[in-house]
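# The amino acid sequence is not available; the structure is as follows:
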């Protein structure tokens, strides 16, 4: 068994994806054997959260502290250097298999009530492959407890640069604003991207620019937004529905040895949303939420 537990392969036509039990993670997505997303080996933990599902919150909560409906809570500091709680509880949990068919798999996690998050939320992640349209991921959550629950969700896919350096990679984001952060990488405001190196709406080449930034004010059309990575060898579009109001862009020159990566992470809420309320979902008892995003490969020139 791999370090990330059981593996579930789904495929349709030339498209093939491997989903792992730990973190309900996307270990690999390839078309005709060529990686569309960054991949990692069975003897490795997902590098920098590669492919994992982020619930019941994505990104960071400052000092792991928040107040919800008059009660203060303290979460474990899973980013100890900065004293933040990061990426929720699902990232290092074994998700239960619900269904596995040739072209799709559904995994479920019951978030256990605990100190810092005494709420009962059931989350499901479904990966589905289509021979023409690529990969679709649907996240869903239901409050199975008796009290209202704060909630946020995100995913952490890394797009492959197909062997090209980041400097030669084109990234396009449909975002009009970026999140301004402090030294703990926690937002303290927003700022227009116009006229700055954070304006990626026209798809500039990265060159020397590197990012670990959140973006919002996302442009959508017919209920869907689209971000994009391109290299001479091909690339991918990341689409997302309107429930995902924020994107995190993270670039890394060496995700694994010889493999650069660009994470374009759909998030329902901003970092620290448990404190600010920016995009926060509040699930009523028996209330539910769902959202979808996906990856469509782009062929090379």
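Thanks, I have it. Note that the coordinates shown come from a computational prediction; the quantities given were computed from them, not determined experimentally.
# contacting residues for residue 45?
By C-beta atoms under 8 Å, 6 or more residues apart in numbering, residue 45 lies in contact with 3-4. Where C-beta positions appear, they are placed from N, C-alpha and C, glycine not excepted.
# What strand or helix carries residue 260?
strand 259-267 (DSSP states H and E).
# elements contacting that strand?
strand 154-155, strand 158-160, strand 224-231, strand 234-241, strand 246-256 (3 or more C-beta pairs under 8 Å, 6 or more residues apart in numbering; DSSP states H and E).
# of those strands, which approaches residue 32 most closely?
Closest of the helices and strands packed on strand 259-267 to residue 32 is strand 234-241, at 10.4 Å (criterion: C-beta to C-beta).
# next one: that closest one to chain centre, how far?
Put simply, strand 234-241 sits 13 Å off its chain's centre (C-alpha atoms, centre = their mean, to the nearest Å).
# got it, and stretch 293-300?
16 Å.
# what's the answer for stretch 239-259, then?
For stretch 239-259, the separation from the chain centroid amounts to 7 Å (computed by C-alpha atoms, centre = their mean).
# Any buried residues in that stretch, and which?
For stretch 239-259, burial by neighbour count (16 or more other C-beta atoms under 10 Å) applies to 239-241, 243-252, 255-256, 259.
# Could you do stretch 203-219 as well?
Of all the residues in stretch 203-219, those buried under the rule 16+ other C-beta under 10 Å are 206, 211, 213-216, 218.
# which residues sit against it?
With contact meaning C-beta under 8 Å, 6+ apart, stretch 203-219 is reached by 59, 166-179, 181, 185, 187, 190, 193, 197-198, 201, 225, 228, 230, 244-251, 253, 267, 270-271, 278.
# List only buried entries from those residues.
In terms of neighbour count (16+ other C-beta under 10 Å), the buried residues within the contacts of stretch 203-219 are 59, 166, 169-179, 181, 185, 187, 190, 193, 198, 225, 228, 230, 244-251, 267, 270-271, 278.
# What helices and strands are in contact with the helix or strand immediately after the strand holding residue 260 in the chain?
Once strand 259-267 ends, the next helix or strand along the chain (criterion: DSSP H and E) is helix 273-276. Other elements packing on helix 273-276 under the criterion 3+ C-beta pairs under 8 Å, 6+ apart are strand 60-62, strand 65-68.
# Just give me how far helix 273-276 sits from the chain centre.
The answer for helix 273-276 is 18 Å, by C-alpha atoms, centre = their mean.
# Give the buried residues for it.
273-276.
# do the same with stretch 30-49
Those would be 30-31, 35-40, 46-49, for stretch 30-49 by 16+ other C-beta under 10 Å.
# Contact partners for the closest residue to residue 146 other than its chain neighbours?
Nearest residue to residue 146, sequence neighbours excluded (C-beta to C-beta, 6 or more residues apart in numbering): residue 285, at 5.4 Å. For residue 285, the contacting residues are 143, 145-148, by C-beta under 8 Å, 6+ apart.
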